[in-house]
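A.B. asks: Below are the sequence and a predicted model for it; my questions follow.
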Amino acid sequence: MNIDDLKNTWNEDHSFDETPEISIEQKNRIHLPLEKIRKNMRMEFWSTVAIFVFAFALIAVCAGSFKFKFYITILIGSMVFVTFFFYSQFFKLYKNMSETMMKTYDSLQDLLHQFNLNKQYYLSFYLAFVPFLVCELIIVLEFIPRPVPLSDTQIAI
């Protein structure tokens, strides 16, 4: 092929003219996937904090026996400690996501490894709450007054 033919073909190619330009305002509105993940992590953290604050406020306001309030407070306090441990692990990922240099293959592999590790943390975080929920159910069944007491079969079901 002749060099002149190649130049003419190159100059006739108008695909570069079709490339859209992104304005600065549009560029600021684009949410990259990591930014969306960070936003979701922030939202989940603050919603969890709000749930615990609501739970402690509800215990303070609710009229119940001292034993009931004490057991529920101890249980929710334990849940706060478990949540604190797991959220400290999630915060490490949150911090690393903002500091990661996305220019090398090794840094992307490290980020992928951290995502996989935190996926396992996330699953264990929810599994860690199963005993707490069972204990709350037992406490509620034990301390909520009923007009007709529940039979052993009803409690077991």
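C.D. replies: Everything's here; your move. Residues are numbered from 1 along each chain as shown.
A.B. asks: Would you confirm that Arg38 contacts Lys95?
C.D. replies: No - when contacts are counted by C-beta atoms under 8 Å, Arg38 is not listed as touching Lys95 (9.9 Å). For the C-beta atoms, the positions are set from N, CA and C on the backbone; glycine is no exception.
A.B. asks: These two: which has the busier surroundings?
C.D. replies: Arg38 (17 against 11; other C-beta atoms under 10 Å).
A.B. asks: gap between Tyr121 and Ile157?
C.D. replies: Distance from Tyr121 to Ile157, counting by C-beta to C-beta, to the nearest Å: 34 Å.
A.B. asks: Same question for Ile37.
C.D. replies: Going from Ile37 to Ile157 by C-beta to C-beta gives 41 Å.
A.B. asks: Compare these two (neighbour count), which wins?
C.D. replies: Shown here are Ile37 and Ile157; by other C-beta under 10 Å, Ile37 has more neighbours (14 against 7).
A.B. asks: ok, and for stretch 138-150, which residues are buried?
C.D. replies: Taking 16 or more other C-beta atoms under 10 Å as the neighbour-count basis, stretch 138-150 is seen to contain the buried residues Ile139.
A.B. asks: Ok, stretch 62-69 next?
C.D. replies: Of all the residues in stretch 62-69, those buried under the rule 16+ other C-beta under 10 Å are Phe68.
A.B. asks: for the top helix by length along the chain, packing partners?
C.D. replies: Counting by DSSP state H, the longest helix found in the chain is helix 105-143. The contact analysis (3 or more C-beta pairs under 8 Å, 6 or more residues apart in numbering; DSSP states H and E) places helix 105-143 against helix 66-99.
A.B. asks: Remind me what the helix it packs on packs against, helices and strands.
C.D. replies: Counting by 3+ C-beta pairs under 8 Å, 6+ apart, helix 66-99 packs on helix 33-61, helix 105-143.
A.B. asks: Check what pLDDT Leu75 gets.
C.D. replies: At Leu75, the model reports a pLDDT of 91.
A.B. asks: How many residues are close by it?
C.D. replies: Leu75, neighbours per other C-beta under 10 Å, totals 17.
A.B. asks: Surely it touches Val140?
C.D. replies: No - Leu75 lies out of contact with Val140 (C-beta under 8 Å); the separation is 10.7 Å.
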